[in-house]
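K.L.:
just a sequence and a predicted model for now, questions to come.
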Amino acid sequence: MKSIRWGGLMVVIIMLLSFAAALLFAGSILKPFMESSLTSMNGAKVDIDNVDVSYSPLTVAINNMQIADPLRPMVNTAQIKQIKFSMSVVELFFGKAIIDEASVNGIQVDTPRRKSGLIKKTDKKKEPEAGEEKPGFITMPEIALPNVKEILAVEPLLSDKLINELEEDLAKTESQWQEVSGTLPDKEKWQQYENRYKEIQLAAKGDSVQKLAAIKDAKQLSKDLKAEAQLVKQAKQQLSTDLDRLNAEYKAAKAAPAADIARLKDKYNLGNLNAENISQMLFGEQISGYIALAGKWYERIEPYLPEREQAKASPPKVERRKGVDVAFREYQPRPDFYVGVAAITASLPRGQFEGTATAVSSNQRINKEPMRLKLSGVELTNKESEEISAEFNYIDKDSGYSRFNYAVVKSRIDDFVLSRSSRLPLTMKQALMDLKLDAKLQQGSLSGTVKTQFDQVSFDSADSSSMLASSFKGVNSFDLNGKFSGSLSDLSINIDSNLDNQLGQQLKASLNEKKLEFENDLRTRLDAKLEQPMNKLEAKKASLESVKTRIDDREEELQNRLALLQQIIDEEKEQKKEEATEKLKDKLRDKLGF
Amino acid sequence: MITQIFKILRVLASEDSPMQISIAIALAMVMGLTPLFSLHNLLVLIILLAFRINLGAFLLAWAFFSGLAYLLDPLFHSLGQFILQHPAMQDTWTEMYNSTYWRLANFNNTIVMGSFVTAMLAFIPMLLILNFLIRRYRSHVLVFLKKSRLVTWMQSSKMITRITSAME
């Protein structure tokens, strides 16, 4: 007993009692330690109301954990009512947190904070609001129809040009024909020919001397009339050529308004409007936004995924006074952190969710099972079902991947702003949506598909006069499928939707109607503009036609007269021939004595 | 340095038995050579507090062996690595690795193993040698010194007392 130091023994007892007291108040000791560690991991404050620790089995309950959003310090990214788990004390001595069962209850997102969660000042960039027009984004097509009156005032018309040319040509031709018609036999001259003809007719009934004179006159008159006929023929030929040319010019002038309409329609882009890429314009940005948000969340959880931990592993470095821990085979290998099953309940604005996270591990190569997360909606508002599932499989470091699936059935959409563009302000007033998203992230590359079906759709646009906006009114349902691939920072998204076709058809019908309206208006205005000059041209053309008729009449008359004169000459010739024959017969009879 | 010498002399001249001083120095060797926050050092601390062991000798020796451990650190690492990776011992280490107590003892650390083995191997010889040396010191050197005029003068001199207390 002499060798025992009683004072020292008391110190040992006091130390043991202090240790026991520390165990009793472990919760209060752990709370600041946990807050500080989680805050440094999160980049913004993490507050905990209290931590309860009980022993046998060792159970830790973390109550009301508020995780501040580093970008919005007055908002909690998540607020968790309680995280409760039981740990293996034995494994804890090995430096391992092995949790067979855990529960994470009452997760809420985006809850307001009383105090700022900022731990250091960060530069905040103002993010543009959804739907706001951004530079570089596809612009909405201009579908407004131009004003016909303004077009006619500024556009040079082919009709005008051709009518003017025809008018000039007609005037020139008309004056030429005035001159030509002056050289043609007039009434007086024609009367002279008539008188001469009548004299010949009288002389032809006289004696032989008179008859001879008549023949001579008839020949002369025929010669004169032939010369006149030649003149008339030449004039007629010239007139025909001129009339043909003028008719061709007239035809061209008459067809010019149609050509003008076609050209103006083409110029003012009324021919090839379609609704291609409208769905890409409307939904591409929304989908990109959601993927960017998912990417942001992924970046925040990525450091805690097993892959990152494995990447960090490096050959042990010998530090002075620390040495190296040599690892031996474990009979039941466990990772440093492992949660077998965690039951999760969350109260989100979209409804109540329940689910599980299984095999949450800091090193999947040890426990050889992927981490899985599954959440299903149980009390949902405005939708039939909603499921989120994810798998983080990094058992094999080289082929490790994260897979995400999301499915929602009959989700009601109200007043969803699709575009705030000044050209097409568009809101989806109501719709029922089915959506299925499958995404896989492997070696930094994201790929996946999204399939969406919208039913009972009604669109609303602030600009009801817009033709494109009114085309949306005829759409009751449509599908929207997307494929995306690439890195998170440079993702390529292809969207395919039958909305484009539907809108295209609607747009085509509306456009055809408008085009017809435009065409009719253009035609009416052109007709009104060209009516007067065309009438004038018609009159001039008619006047030339009358000249031609007159020449034709004259020619006919001349030909008739010439025929009659020829008849007189021929009759006279026949008579003379008969007389000569009779004379010869008489002479022969006398000589022969018949 | 002079202070340390005076302290050692004072410890050696104290009323504690040679074994108490020897145990103190041997335990200080264990705690000094091995990493401080090891499970076996908790046992050393409890022994130190619970039993009448010369604390002065312990503290002096602990400081000395801590410095020595820093110099011998690479040696301990190599020795620990050799022992832990020795093929003949693998089954034993694997068995111990799967035991909670041994894992808490951090036996699989090269420095812990190397320094602990060194300390354990040196413990008994150190204890016996020190015990023998202290006994010899007390029966020969200390008796001689006590009788010498120099020590008598020093013990009577107020000046020396002041210097030593100031140095302390």
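P.N.:
Right, received. Where do you want to start?
K.L.:
make it CA atoms for all contacts and neighbour counts henceforth
P.N.:
Fine.
K.L.:
excluding covalently adjacent residues, which one is nearest to A:Ile278?
P.N.:
Nearest residue to A:Ile278, sequence neighbours excluded (Cα to Cα, 6 or more residues apart in numbering or on different chains): A:Asp500, at 6.1 Å.
K.L.:
the one you found and A:Asn476, how far apart?
P.N.:
Going from A:Asp500 to A:Asn476 by Cα to Cα, to the nearest Å gives 13 Å.
K.L.:
returning to what we had before: the residue nearest to A:Ile278: which element?
P.N.:
If you go by DSSP states H and E, A:Asp500 is part of helix A:499-592.
K.L.:
got it, and A:Asp460?
P.N.:
If you go by DSSP H and E, A:Asp460 is part of strand A:445-461.
K.L.:
just the C-alphas of that strand, formatted as PDB.
P.N.:
This file holds the C-alpha atoms of strand A:445-461, laid out as PDB (Å, rounded to 0.1, in the frame of the first residue of the first chain):
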ATOM      1  CA  SER A 445     -19.600  13.100 -70.200                       C
ATOM      2  CA  LEU A 446     -23.400  13.300 -69.800                       C
ATOM      3  CA  SER A 447     -25.800  11.600 -72.200                       C
ATOM      4  CA  GLY A 448     -29.500  10.900 -72.100                       C
ATOM      5  CA  THR A 449     -33.000  11.300 -73.300                       C
ATOM      6  CA  VAL A 450     -36.100  13.100 -72.200                       C
ATOM      7  CA  LYS A 451     -39.500  12.100 -73.500                       C
ATOM      8  CA  THR A 452     -42.400  14.400 -72.800                       C
ATOM      9  CA  GLN A 453     -46.100  14.300 -73.700                       C
ATOM     10  CA  PHE A 454     -48.300  17.300 -73.200                       C
ATOM     11  CA  ASP A 455     -52.100  16.900 -73.300                       C
ATOM     12  CA  GLN A 456     -55.100  19.200 -72.800                       C
ATOM     13  CA  VAL A 457     -52.800  22.100 -73.600                       C
ATOM     14  CA  SER A 458     -53.900  25.700 -73.800                       C
ATOM     15  CA  PHE A 459     -51.600  28.400 -74.800                       C
ATOM     16  CA  ASP A 460     -52.000  32.100 -74.200                       C
ATOM     17  CA  SER A 461     -50.100  35.000 -75.700                       C
END
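K.L.:
can you tell me what sits against it?
P.N.:
With contacts defined as Cα atoms under 8 Å, 6 or more residues apart in numbering or on different chains, strand A:445-461 is touched by A:424-441, A:469-470, A:472-473, A:475-488, A:491.
K.L.:
beyond it, next helix or strand please.
P.N.:
Next along the chain after strand A:445-461, taking DSSP H and E as the criterion, comes helix A:467-472.
K.L.:
related to what we said a few turns ago, neighbour-wise, which of A:Asp500 and A:Asn476 wins?
P.N.:
A:Asp500 (21 against 15; other Cα atoms under 10 Å in any protein chain shown).
K.L.:
could you give the separation of the helix or strand hosting B:Leu133 from the chain centroid?
P.N.:
Under the criterion of DSSP H and E, B:Leu133 resides in helix B:110-136. Computed by Cα atoms, centre = their mean, to the nearest Å, the chain-centroid distance of helix B:110-136 equals 8 Å.
K.L.:
with stretch B:18-28 instead?
P.N.:
7 Å.
K.L.:
and A:Lys368, how many neighbours?
P.N.:
The number of residues packed near A:Lys368 is 15, by other Cα under 10 Å.
K.L.:
now the element after the lowest-mean-pLDDT helix or strand in chain A, going C-ward?
P.N.:
Every helix and strand in chain A was compared by mean pLDDT, DSSP states H and E; the lowest is helix A:306-312, with a mean of 51. Downstream of helix A:306-312, the first helix or strand assigned by DSSP H and E is strand A:337-348.
K.L.:
please, where are all the helices along the chain?
P.N.:
Since no chain was named, I'll use chain A. In chain A, the segments counted as helices under DSSP state H are A:6-24, A:26-42, A:89-93, A:148-154, A:158-183, A:187-203, A:208-267, A:278-301, A:306-312, A:364-367, A:467-472, A:499-592.
K.L.:
to clarify, I was referring to chain B.
P.N.:
Taking DSSP H, the helices of chain B run over residues B:2-12, B:18-33, B:39-50, B:55-84, B:90-97, B:100-105, B:110-136, B:143-147, B:149-156, B:158-167.
K.L.:
quick check: mean pLDDT across the last one?
P.N.:
Which is helix B:158-167. In this model, helix B:158-167 has a mean pLDDT of 62.
K.L.:
which positions in the longest strand seen in chain A come out as buried?
P.N.:
Looking across chain A with DSSP state E, the single longest strand is strand A:401-420. Across strand A:401-420, burial judged by 16 or more other Cα atoms under 10 Å in any protein chain shown covers A:401-413, A:417-420.
K.L.:
please apply the same query to stretch A:152-168.
P.N.:
A:157-160, A:162-164, A:166-167.
K.L.:
pLDDT and distance to chain B for these - can I get that in a markdown table?
P.N.:
Output for the buried residues of stretch A:152-168, formatted as a markdown table (pLDDT from 0 to 100; distance: Cα to the nearest Cα, whole Å):
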| residue | pLDDT | distance to chain B |
| --- | --- | --- |
| A:Leu157 | 83 | 97 |
| A:Leu158 | 85 | 99 |
| A:Ser159 | 83 | 101 |
| A:Asp160 | 83 | 103 |
| A:Leu162 | 85 | 105 |
| A:Ile163 | 84 | 107 |
| A:Asn164 | 84 | 108 |
| A:Leu166 | 83 | 111 |
| A:Glu167 | 83 | 113 |
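K.L.:
turn those into JSON lines, columns for distance to A:Gly295.
P.N.:
Converted to JSON lines, those look like this (distance: Cα to Cα, whole Å):
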{"residue": "A:Leu157", "distance to A:Gly295": "58"}
{"residue": "A:Leu158", "distance to A:Gly295": "60"}
{"residue": "A:Ser159", "distance to A:Gly295": "62"}
{"residue": "A:Asp160", "distance to A:Gly295": "63"}
{"residue": "A:Leu162", "distance to A:Gly295": "66"}
{"residue": "A:Ile163", "distance to A:Gly295": "68"}
{"residue": "A:Asn164", "distance to A:Gly295": "69"}
{"residue": "A:Leu166", "distance to A:Gly295": "72"}
{"residue": "A:Glu167", "distance to A:Gly295": "74"}
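K.L.:
where in the stretch 401-550 of chain A is pLDDT low?
P.N.:
Across the stretch 401-550 of chain A, the ranges flagged by pLDDT under 70 are A:422-423, A:463-467.
K.L.:
list the beta-bridge partners for the residue in it positioned nearest to chain B.
P.N.:
Here the stretch 401-550 of chain A gets closest to chain B at one residue, A:Tyr401, 32.2 Å apart by Cα to the nearest Cα. A:Tyr401 forms beta bridges with A:Asn393, A:Gln442, as assigned by DSSP bridges.
K.L.:
in stretch A:508-517, what counts as buried?
P.N.:
Buried, per 16+ other Cα under 10 Å, within stretch A:508-517: A:508, A:510-511, A:514-515.
K.L.:
any idea how far that stretch is from the chain center?
P.N.:
Distance of stretch A:508-517 from the chain centroid (Cα atoms, centre = their mean) equals 18 Å.
K.L.:
repeat that for stretch A:494-501.
P.N.:
Mean-position distance between stretch A:494-501 and its chain equals 9 Å (Cα atoms, centre = their mean).
K.L.:
for that stretch, measure first residue to last.
P.N.:
Taking Cα to Cα, stretch A:494-501 runs 16 Å from one end to the other.
K.L.:
report the buried residues of that stretch.
P.N.:
Using 16+ other Cα under 10 Å as the test for burial, stretch A:494-501 gives A:495-497, A:499-501.
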